[in-house]
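Asks: coords below, sequence missing:
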């Protein structure tokens, strides 16, 4: 009887652990209701970009990133969130809403933010001038507790980018 109670208690604890639950968003402030908190921007080699938090007609928050001119390298401007724990035995679902002022391709990636800065997953995304929901699943090549998720290569051309409802969950 004791053995079964211990097993039941273990199962309950596993189910309540946030990293094990599919409904927990691993992205902090993915709806930008707390402004730009928990987010970072790369503006490498003097690249110019401004961020503004906006409220959409449906009441959701979004970040608008204005890139006034193309940069020497597209990856000089990136939106990111760090301090993510990623497990190679799990599959993750990334969901976000986005649009841009002109059709443009951006890049998504998950990577390790400590040496050797290994990229764990990447995906090209073609943004349009209309709001669209994007959904991708991935399993990182290896695990890390210093991971990041980047919506990047925003320096490809002069444009405005909008991102909203960013979510990263574990697929059960």
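Replies: Yep, that arrived. Being a predicted model, the structure only gives us computed values, none of them experimental. Numbering: from 1, shown residues only.
Asks: list the contacts for the residue sitting nearest the centre point of the chain?
Replies: By Cα atoms, centre = their mean, the mean C-alpha position of the chain lies nearest to residue 149, the distance being 4.4 Å. Taking Cβ atoms under 8 Å, 6 or more residues apart in numbering as the definition of contact, the neighbours of residue 149 are 27, 80, 81, 84, 94, 108, 109, 110, 168. Heads up, the C-betas are built off the backbone N, CA and C, glycines and all.
Asks: In these, which residue is surrounded by the most others?
Replies: Of all the contacts of residue 149, the most densely surrounded is residue 110 (23 neighbours; neighbours counted as other Cβ atoms under 10 Å).
Asks: If that residue is in a bridge, with which residues?
Replies: The residues listed as beta-bridge partners of residue 110 by DSSP bridges are residue 121, residue 149.
Asks: isn't it right next to residue 138, touching?
Replies: Yes: taking contact to mean Cβ atoms under 8 Å, the distance of 6.9 Å between residue 110 and residue 138 places them in contact.
Asks: what is in contact with these two at once?
Replies: 92, 121.
Asks: who touches residue 63 in this structure?
Replies: Residue 63 makes contact with 32, 36, 39, 51, 52, 53, 54, 79, 162, 163, 164 under the criterion Cβ under 8 Å, 6+ apart.
Asks: what about 7 Å?
Replies: When the contact criterion is Cβ atoms under 7 Å, 6 or more residues apart in numbering, the partners of residue 63 are 32, 36, 51, 53, 163.
Asks: Please list the outside residues in contact with the longest strand anywhere in the chain.
Replies: The strand that spans the most residues within the chain, counting by DSSP state E, is strand 159-171. Residues lying outside strand 159-171 but in contact with it, judged by Cβ under 7 Å, 6+ apart, are 19, 22-27, 30-32, 56, 60-67, 79, 90-102, 104, 137, 149, 151, 154.
Asks: what pLDDT, on average, does stretch 98-111 get?
Replies: Mean pLDDT, computed over stretch 98-111, is 98.
Asks: chain center to that stretch, what's the gap?
Replies: Centre-to-centre, stretch 98-111 and its host chain are 11 Å apart (Cα atoms, centre = their mean, to the nearest Å).
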